[in-house]
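>>> heads up, no residue letters with this:
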């Protein structure tokens, strides 16, 4: 499949993505230069804004948490050959589910009992929302790319309807519910650190970050160490072989998309239980779509998705911070920079493979010259 | 205690005990900041109105204004916290979406002054500015009904949320006040934040209404309204702008604009802080205060007949005097049929 | 095809050869096709017909030899050159835009000007002229997608003629046609020939050769083995020529392995296997699928070969028996279990009943190229408790794969090697090894040695025989008659979705060829 020679695995998984991102930054630097701003200053602003202090890091990780959830959702479905574009709607439903549980039970149950129930509700609602397009595809042949996109709009409309007409806090100007009781709040990272004796600037990072890491590990285990994951991958890589092996494709489609939807629904716990502590509009904020780019960049591997999510977290947080430091860089410019990174490491993934090969050959030649041996072609 | 600034009378209704930061007699050095609403700064409407106010302040007093255009809801909190940490003061929050965030951040930074447009917070260091949009909507509703030849008028809102229902409700009351038989067709643009920034969809909805016989359409949908106005121009119909005076966008096609002087509110908030007269509390501004009005200028005077003008001016006086009671949708979360 | 004929030959080939890697697809072929004739080229799958035609059409270039078009030497660097020389090809799969009209399709790619209208008008005029000349009438304004398949093919021919072709190559043109459409096509070809167009018909259907051609060339193993005027030959002779002489085959049946197993394994009393003569298999939908009832029985310890020209329902039969296609009617008896349309059985359940399946299409069904060998080696058997009680134990899979690789000599013997990177023969050994290791009661095998080198063929045949000797019932579908002759205890011949007849394994190739071509029994059946 690959043009030219093959690269060592470490280079394929580490060096090539790194060079892709570097190429993206170089292209972005040209754009930044064109509006008369120093690219180095912008880079410094992004990095300082995203990683400069505990508060900034907290924001970065909080954004990354959402991307891990939606990236995993996309990747899991993708391994089964299914393209789940409905992360956005599933995230909305996840938030709705967790919010309804919190509203109903936050005065009844203690936190240690309420939170697991609310998290399960997020998963259940996300899964349920994905199950309908999945069932339609399995039974009726309606393509999930179309149906999941449509379900995003239905979810958004449902949330607006419920918030405006049913769940709105009495007397409120804005369409949002009452604030939850403290029992329904996921522990915040800076509170946890303070309890351990470390002072940390407040940030929205909360316990759902740990849930995201656990989810990544669980997805990895499911894909490569369970029969379900094996069948899922057969389905994705060779549907004919799945038919041959007797894998029930319809049932698997529904099952995989439910899991995928449950993962996307977890965005709801980060946003609603972790940060907003009330149900608001638009908390999904495009993370469902961002997850597609994250999965693409992370090569659909949970570890890659965690790393790609970090990069997206940095871009999101650092990108927001640029406008505080360098007003000339507008929000649209930040979007352009983020877009370039996605372009180079997503759509043009492997773009820098020849470069990596050249680098390796060069390094190999330099090393062998130093060793006094003729240059090796293997590198 | 009304304070007069440039002919704009502002009545501050003090809610609860108010004790803003100590007022300085001399003009203080301030570091104002503004966090815009979703959509874009240059929407020729709501955000741009605020921007015009802050720009005027910047030019008049040569004080830099820090700005932030959030890409999504979650960035509201980040922006306010970041501005507060950097010592920006006062911080202007634009749009009802930011109410709960301002509530939270203002608690963490009790020494920072916040001004909130279209939302309410009862904290002492927050100044909340609300508008009686229903009053202005009532007037432009009357104009729409009087200008309509088909007896059908349209409304294009951004999202189906209470604030927009307040516009629609006031508009509908005005329409029926002028012509009891007039028919009103309403559409909302969408359910996601892009609903405020989707001129294409706005134009599509407007064209749909024209096809059903509508010949005057009122857009209350941020930048989406630009598409509505354009579609009306292209179809030879009339439109009504919102928030800023949009008459000049398509002279001869924009019947009038429902002006909501967010620019003045933004300017005043900063100026009061500079002058040391800034006070927390909730103010509700309407026709009486000149903060809400309908726009009449060279661009649309050919469209407004003397009869229309006199009827609207009479209604305006009646609303101010209380003779006409315009129902506020948000008071009972309902609208008279 | 003496040199003296060169003057009037439309196409002449002299000593043309072409190899793909180690495979010699065409070896030293010399032939000449007279101008205005309808010439047939027959041969089994893989005999080199398609490669030869691709050489003539410029799709591949020869390693040796030369080609003359109307007496002039021609070196083709691509189909463009061929078209300029008046050679046109009608492919088996139509290359038409369904939503365009006939005229638009004909003009497509030959517009001749930047504006569409003039070229469409030109196409319309030319269509009228060609129609008058050859009797090829098609409505130029009809939407191609609305036309029946036969007329779509006529559009393909028109397209080629519109580009000025005087030599027309048709590759398996009747594969998609109904008998009526086939007859109509032959009338068109006759008309073209009368109008001076040279027609080359590539097929493996002997009936069509007899019906439509003036002369026929027979290919086998990349060589041109015979050429005959059609009037002077018979289907039987052609079949014999196509199949060749078993005596020369390296795949001699092993006399000692022919015997029935002395010991009946437990649970296989007497004639077990697929019991009773009822696997009335009928495939599902699709224009080319078989809709005919098939009855056969399969006993423990025997290999039943299924011979037939590709596409006569053998593949569908295997898939129905494996549970991959729904049963349209009838029933399959498997020991105690009955499979009927009302009580279907999916492939996993079939495996649980002891039915193993080596699929005809290795890449489409048998392996997952991106998987490691160990992962491919558990495909369909991943539920085996030996691979871990709850989680799927990758190490256990690798251990068992290593064992399988040693036993079936899969190279490289590395369970982590990616399945797609093995050679075809080693992939096949992996698949056959997987199915045989499951110790099945019934083995369904499709094309066990397709694309496999000679050494691996011998090993695969040895394993299949060994399994038979252990008492397994084996159904073997193969396009290689040599292979069927070498392995099978008895042979069923399939034709158009039916069992056309049963012959003993040592039947002579002519009988077999007649049955396969339908020349023998067709009239009785109809």
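That came through fine. Given the structure is predicted, the values throughout are model-derived calculations rather than measurements.
>>> mind listing what the residue nearest to residue A:137 when sequence neighbours are not counted touches?
Setting aside the residues directly before and after it, residue A:137 is nearest to residue A:144 in space (C-beta to C-beta, 6 or more residues apart in numbering or on different chains), at 4.7 Å. No exception for glycine: its C-beta is placed from N, CA and C like everyone else's. Counting by C-beta atoms under 8 Å, 6 or more residues apart in numbering or on different chains, residue A:144 touches A:82, A:83, A:84, A:85, A:86, A:133, A:134, A:136, A:137, A:257.
>>> number of nearby residues for whichever residue of the stretch 101-250 of chain B sits closest to chain C?
Nearest residue of the stretch 101-250 of chain B to chain C, counting by C-beta to the nearest C-beta: residue B:204, 27.5 Å away. A total of 17 residues lie near residue B:204 under the criterion other C-beta atoms under 10 Å in any protein chain shown.
>>> what is the helix or strand harbouring it packed up against?
Assessed by DSSP states H and E, residue B:204 sits inside helix B:199-211. Here helix B:199-211 touches strand B:152-159, strand B:183-190, strand B:216-220, helix B:224-235, going by 3 or more C-beta pairs under 8 Å, 6 or more residues apart in numbering or on different chains; DSSP states H and E.
>>> got those as CSV, with mean neighbour count, distance to residue A:211 and mean pLDDT columns?
CSV is the format used below for the helices and strands packed on helix B:199-211 (neighbours: other C-beta atoms under 10 Å in any protein chain shown; distance: least, C-beta to C-beta, whole Å; pLDDT from 0 to 100):
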stretch, mean neighbour count, distance to residue A:211, mean pLDDT
strand B:152-159, 28, 31, 94
strand B:183-190, 20, 31, 93
strand B:216-220, 31, 40, 96
helix B:224-235, 24, 37, 95
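>>> so which of those gets nearest residue C:43?
Nearest of the helices and strands packed on helix B:199-211 to residue C:43, taken as C-beta to C-beta: strand B:183-190 at 64.2 Å.
>>> that closest one pairs with which strands?
Strand B:183-190 sits in its sheet next to strand B:152-159 (parallel), going by DSSP bridges.
>>> chain center to the partner strand, what's the gap?
16 Å (C-alpha atoms, centre = their mean, to the nearest Å).
>>> between helix B:224-235 and it, find me the angle.
Strand B:152-159 runs at 150 degrees relative to helix B:224-235, counting by axes from the mean of the first three to the mean of the last three C-alpha atoms, to 10 degrees.
>>> after strand B:152-159 comes which helix or strand?
helix B:162-178.
>>> does anything pack onto that following helix? Which helices or strands?
On a contact count with 3+ C-beta pairs under 8 Å, 6+ apart, helix B:162-178 meets helix B:133-147, strand B:152-159, strand B:183-190, strand B:216-220, helix B:306-321, helix B:329-332.
>>> as TSV, the ones you listed with distance to residue B:264 would be great.
As requested, the helices and strands packed on helix B:162-178 are exported to TSV (distance: least, C-beta to C-beta, whole Å):
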stretch	distance to residue B:264
helix B:133-147	14
strand B:152-159	23
strand B:183-190	27
strand B:216-220	19
helix B:306-321	18
helix B:329-332	22
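>>> ok so, going back, identify all contacting residues around the helix holding residue B:204.
With C-beta under 8 Å, 6+ apart, helix B:199-211 has contacts from B:154, B:156, B:185, B:187, B:189-190, B:195, B:217, B:219, B:221, B:223-228, B:230-232, B:235, B:237, B:239.
>>> ok, stretch B:142-150 next?
Residues from elsewhere that reach stretch B:142-150 (C-beta under 8 Å, 6+ apart): B:153, B:171, B:174-179, B:182, B:213-216, B:218, B:238, B:240, B:255-256, B:294, B:303-305, B:307-308, B:311-312, B:315.
>>> of the helices and strands packed on helix B:162-178, which is nearest residue C:331?
Checking these against residue C:331 by C-beta to C-beta gives strand B:183-190 as the closest, at 57.1 Å.
>>> next up, the contacts around the closest residue to chain C within the stretch 1-150 of chain B.
Closest approach of the stretch 1-150 of chain B to chain C (C-beta to the nearest C-beta) occurs at residue B:72, with a separation of 37.2 Å. Residue B:72 is in contact with A:282, A:285, A:286, B:38, B:193, counting by C-beta under 8 Å, 6+ apart.
>>> give me the neighbour count for residue B:284.
Residue B:284, neighbours per other C-beta under 10 Å, totals 16.
>>> helix or strand for it, which one?
Per DSSP H and E: residue B:284 is located in strand B:281-285.
>>> can you classify the residue of the stretch 1-150 of chain B closest to chain C by secondary structure?
Of the three states, residue B:72 takes coil under DSSP: H, G, I helix; E, B strand; the rest coil.
>>> now, of the contacts of stretch B:142-150, which are buried?
B:153, B:171, B:174-179, B:182, B:214-216, B:218, B:238, B:240, B:255-256, B:294, B:303-304, B:308, B:311-312, B:315 (16 or more other C-beta atoms under 10 Å in any protein chain shown).
>>> my guess is residue C:330 meets residue C:317, correct?
No: look at residue C:330 against residue C:317 with C-beta atoms under 8 Å: they stay out of range, at 11.9 Å.
>>> okay, these two: which has more neighbours?
residue C:317 (28 against 17).
>>> tell me the helix or strand right after the helix or strand hosting the more buried one.
Using DSSP H and E, residue C:317 sits in helix C:314-322. Past helix C:314-322, further along toward the C-terminus, the next helix or strand under DSSP H and E is strand C:332-334.
>>> check which element follows that next one along the chain.
strand C:337-339.
>>> so what's the residue count around the residue of the stretch 1-150 of chain A found nearest chain B?
Nearest residue of the stretch 1-150 of chain A to chain B: residue A:59, at 6.3 Å (C-beta to the nearest C-beta). The burial count assigned to residue A:59 is 31, neighbours taken as other C-beta under 10 Å.
>>> wait, it sits on residue A:205?
Yes: between residue A:59 and residue A:205 a contact is recorded at 7.3 Å, counting by C-beta under 8 Å.
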